[in-house]
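Peer 1: below: sequence and its predicted model.
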Amino acid sequence: QLPDDTRRFEQIDATFKEMMREAREEPGVIAACTYEGREELLNNFFAEIELCEKALNEYLEQKKKIFARFYFVSNQALLDILSNGNNPEKVDEYLGDCFDGLKSLDFVRGPGIPTPSKSAKGMWSKEGEYVPFSGVFTCTGAVENYLCDLEKMMQVTLRDVLETAKTTADNWDIDKKRHDWLEDYCA
């Protein structure tokens, strides 16, 4: 996603590793610190790393603007989410950080279904409550986009559950007592 900054970082990384190899061969502190051009090289590294960091922060900010719930996760976690976007089961580990009541998805598994699964049939709350989706949700495209779609799927599913619960609430004393009715629906 950031090819110029990737090349910049890889060049800095290779040069730094070479400098560390030299320091291992000549372990004296005075020799390492007084090596001709070392201070200038380290200052250059610092300036180049700052450019890489700035570009990375701008990139992460763009992703946060697409899916605002990314603001709730650390940059390290966000990098992990973005780098594993094609593996929804890895992204699943961070859903609890993005959504307050969601712990994980219930992925479709079985013979003939590729691993990792990209389809989910329901969701688990942090309290251990299971809610089946109104349909099968498929994680396709960029992770920030399918997480926006997941948010919509959650809203549609919970709206459907709420409508059903509201309809059956009219018959509390006829069909079921209210305390029994409560057990039929997710909190």
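Peer 2: Arrived safely. Numbering: from 1, shown residues only.

Peer 1: pLDDT at M20, what is it?
Peer 2: In this model, M20 is scored at 89, pLDDT.

Peer 1: what helix or strand does it sit in?
Peer 2: If you go by DSSP states H and E, M20 is part of helix 3-25.

Peer 1: could you point out the helix or strand that follows that helix?
Peer 2: Next along from helix 3-25, by DSSP H and E: helix 29-33.

Peer 1: which residues touch the nearest residue to A169 once chain neighbours are set aside?
Peer 2: Leaving out its chain neighbours, the residue that sits closest to A169 by CB to CB, 6 or more residues apart in numbering is W181, at 6.7 Å. Where you see a C-beta, it was placed from the backbone N, CA and C, and this is true even at glycine. By CB atoms under 8 Å, 6 or more residues apart in numbering, the contact list for W181 reads A165, T168, A169, W172, D175.

Peer 1: quick check: longest strand of this structure.
Peer 2: strand 130-138 (DSSP state E).

Peer 1: buried ones in it?
Peer 2: Along strand 130-138, these residues count as buried under the neighbour rule (16 or more other CB atoms under 10 Å): V131, F133, F137.

Peer 1: tell me what it is packed against?
Peer 2: The contact analysis (3 or more CB pairs under 8 Å, 6 or more residues apart in numbering; DSSP states H and E) places strand 130-138 against strand 102-107, strand 119-125, helix 143-169.

Peer 1: I'd like the average pLDDT over that strand.
Peer 2: Rounded mean pLDDT across strand 130-138 is 93.

Peer 1: partner strands of it, parallel or antiparallel?
Peer 2: Neighbouring strands of strand 130-138 in its sheet, by DSSP bridges, are strand 119-125 (antiparallel).

Peer 1: how about the helix holding M20 as CSV, C-alpha atoms only?
Peer 2: C-alpha atoms of helix 3-25 as CSV (Å, rounded to 0.1, in the frame of the first residue of the first chain):
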residue,chain,number,x,y,z
PRO,A,3,5.6,1.2,-1.9
ASP,A,4,7.9,4.3,-1.7
ASP,A,5,8.0,4.2,2.1
THR,A,6,8.4,0.4,2.1
ARG,A,7,11.5,0.8,-0.1
ARG,A,8,12.8,3.6,2.1
PHE,A,9,12.3,1.5,5.2
GLU,A,10,13.9,-1.6,3.7
GLN,A,11,17.0,0.5,2.7
ILE,A,12,17.3,2.0,6.2
ASP,A,13,16.8,-1.5,7.7
ALA,A,14,19.5,-3.1,5.5
THR,A,15,22.0,-0.3,6.2
PHE,A,16,21.3,-0.4,9.9
LYS,A,17,21.8,-4.1,10.0
GLU,A,18,25.1,-3.7,8.2
MET,A,19,26.2,-1.1,10.8
MET,A,20,25.3,-3.5,13.6
ARG,A,21,27.3,-6.3,12.0
GLU,A,22,30.3,-3.9,11.9
ALA,A,23,29.7,-3.0,15.6
ARG,A,24,29.7,-6.7,16.5
GLU,A,25,33.1,-7.2,14.8
